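Undergrad: mind looking at a prediction? Sequence and model below.
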Amino acid sequence: MEKTLPSTLFRHAALPAGPKARARRLACLVESALIDEVTLSPKPGLVDVRGNGAHRDLDWALMVHSAQTLRPAFEAMALAGAQIDAPLALRERIGRLGREGEMAMLSATGGVNTHRGAIWTLGLLVTAAAQAPHALGAAPVASRAARLAGVPDRFAPVSTGHKGERACHDYGVGGAKGQACAGFPHVLKVALPALRRARAAGIREDHARVDALLATMATLDDTCVLARGGPDALRAVQTGAAAVRAEGGLATPQGRCAFRRLETDMLARNVSPGGAADLLAAALFLDRLPVRAGIAPDSDPESTHQETDHGTS
C-alpha cells in the first residue's frame with residue numbers, strides 16, 4: 001500500500017441527502033482522518049511512515065488496516081445518529097457498536113490496541129455529525145457529541161482496566177471521557193486553530209498538521225504519556241512540544257533541531273502521545289466537514305481562545 005499524505009477525499013464536499021449514503025460518506029471521512037493521522041510524518045513517539053515510534057507492536061500497515069476495519073462500525077454509528085432521537089437509546093446503541101468495533105479491531109490486529117481511544121472520540125463525533133447534517137461546524141458537532149458523552153450507558157463495563165483508565169485514576173486527569181464531556185476543548189481551542197493558522201501563514205499542509213499535533217501535546221494531560229512515563233515524562237513532552245513551536249516548528253531549521261531533541265527524549269523515555277494523536281484525527285475529521293451543503297467550511301470560531309487552555313485526554 002502506498003504511503004501518501006495528505007488525503008483530500010470528500011474534503012468539504014456536500015454530504016448526500018439520504019441517511020444511509022450520508023452515513024457511508026461520514027464513515028469514509030473518519031477512515032481517511034485516521035489514515036492521514038498515522039501517515040503524517042514526522043511525529044515524535046508515534047507510528048508514522050518512518051517507523052514505529054515508541055511502539056513495539058504497531059506499524060503503519062497495521063494502523064491502516066485497523067482504520068479500514070473500523071469503517072463499518074463508524075458507518076453504523078452515523079446511521080444510528082440519523083435514525084434514533086432518544087438520547088439514552090442512541091447512547092446505548094453507539095456504545096454497543098463501539099464495543100463491537102473494538103472487538104473487530106482486536107480480531108483484525110491480533111489483539112493489539114490500535115484505535116481504542118479513536119473509537120470513543122470519533123464514534124461520538126461521527127454520530128453527532130449525522131444527527132444534524134445541516135449544522136456541521138466544528139463547535140456544533142462537538143457540542144452534540146459532548147451531550148451524548150454525558151448520557152450514561154447502562155451496558156458499559158464499570159471498569160475496563162485499560163491503561164488510560166488507570167492513568168486517570170492514578171493522576172487525577174479526565175482522560176478521553178473528560179475531553180468528550182467537556183466538548184473536546186483541545187480539538188476546538190487548540191488543534192483546529194493551530195492547523196488553520198499554519199495554513200493561513202502559508203505553511204505546507206503536513207507541517208501545519210504536525211504543528212496542530214505539537215500544540216495539542218504542549219497542553220494536554222495525555223493519559224498515554226502518563227501511563228508509560230508518569231508526570232515527569234508528561235512535563236517533558238509538554239515542554240519539548242512547546243519549544244518546537246516556539247522555534248517555528250518544522251518550517252524552520254531551529255524548529256527541526258528542537259523537534260529532533262524532543263523525539264530523542266521521548267524515545268529514550270519510551271512514551272507516545274496517543275491521546276494527542278486521537279485528537280488530531282478528530283480535528284482532521286471536523287476540518288473536512290461542510291458547514292452546510294454547498295457552503296464552505298466554517299472559519300476559525302475559536303480564534304479568541306488561548307491555546308494554552310489546559311484540558312485532559
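TA: Alright, I've got the coordinates. Residues are numbered from 1 along each chain as shown.
Undergrad: pLDDT value on the residue nearest to R116 when sequence neighbours are not counted, please?
TA: Counting by CB to CB, 6 or more residues apart in numbering, R116 lies nearest to E102, which is 6.0 Å off, once chain neighbours are set aside. In this view, the C-beta of every residue, glycine as well, is placed from N, C-alpha and C. Looking at E102, its pLDDT is 97.
Undergrad: next one: the one 4 residues further on
TA: In the predicted model, L106 carries a pLDDT score of 97.
Undergrad: list the contacts for it?
TA: 112-113 (CB atoms under 8 Å, 6 or more residues apart in numbering).
Undergrad: does it sit in a helix or strand, and which one?
TA: helix 87-109 (DSSP states H and E).
Undergrad: centre of the chain to that helix, how far?
TA: 17 Å (CA atoms, centre = their mean, to the nearest Å).
Undergrad: buried ones in it, by neighbour count?
TA: For helix 87-109, a neighbour-count test (16 or more other CB atoms under 10 Å) marks 90-99, 101-102, 104-106, 108-109 as buried.
Undergrad: would you put the C-alpha positions of that helix in CSV?
TA: The C-alpha trace of helix 87-109 is given here as CSV (Å, rounded to 0.1, in the frame of the first residue of the first chain):
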residue,chain,number,x,y,z
PRO,A,87,-30.6,10.2,23.8
LEU,A,88,-30.5,7.2,26.1
ALA,A,89,-31.3,4.8,23.3
LEU,A,90,-28.8,6.4,20.9
ARG,A,91,-26.1,6.4,23.6
GLU,A,92,-26.6,2.8,24.3
ARG,A,93,-26.7,1.8,20.6
ILE,A,94,-23.5,3.6,19.8
GLY,A,95,-21.9,2.2,23.0
ARG,A,96,-22.7,-1.3,21.8
LEU,A,97,-21.5,-0.5,18.3
GLY,A,98,-18.3,0.9,19.7
ARG,A,99,-17.6,-2.3,21.8
GLU,A,100,-18.3,-4.4,18.7
GLY,A,101,-16.0,-2.2,16.7
GLU,A,102,-13.3,-2.7,19.3
MET,A,103,-13.7,-6.5,19.1
ALA,A,104,-13.4,-6.3,15.3
MET,A,105,-10.3,-4.2,15.7
LEU,A,106,-8.7,-6.6,18.1
SER,A,107,-9.5,-9.5,15.8
ALA,A,108,-8.0,-7.8,12.8
THR,A,109,-4.8,-6.8,14.7
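Undergrad: follow-up on the earlier one: surely the residue nearest to R116 meets T114?
TA: No - using CB atoms under 8 Å, E102 is not in contact with T114; the gap is 10.1 Å.
Undergrad: quick one: low-confidence parts of the protein?
TA: 1-12, 291-313 (pLDDT under 70).
Undergrad: the strands in it, which residues?
TA: Counting by DSSP state E, the chain has strands at residues 220-221, 311-312.
Undergrad: measure the closest residue in space to P19 that isn't next to it in sequence to V126 for me?
TA: Once flanking residues are discounted, P19 sits nearest to A82: 3.9 Å by CB to CB, 6+ apart. A82 sits 11 Å away from V126 when distances are taken as CB to CB, to the nearest Å.
Undergrad: what about those two, which has more around it?
TA: V126 (31 against 20; other CB atoms under 10 Å).
Undergrad: spit out the contact partners of the more buried one.
TA: 26-27, 29-30, 74, 77-78, 81, 285.
Undergrad: ok, 10 Å please
TA: Shown in contact with V126 (CB atoms under 10 Å, 6 or more residues apart in numbering): 23, 26-27, 29-30, 33, 73-81, 94, 141, 145, 282, 285, 289.
Undergrad: repeat that for R116.
TA: Here R116 is in contact with 98, 101-102, 105-106, 160, 162-164, 176, 274, 278 (criterion: CB under 10 Å, 6+ apart).
Undergrad: now the helices for the protein?
TA: Along the chain, counting by DSSP state H, helices occupy 19-39, 60-83, 87-109, 116-131, 138-149, 163-171, 175-181, 185-186, 192-200, 205-219, 223-246, 253-269, 274-287.
Undergrad: right, I'll call it a day here.
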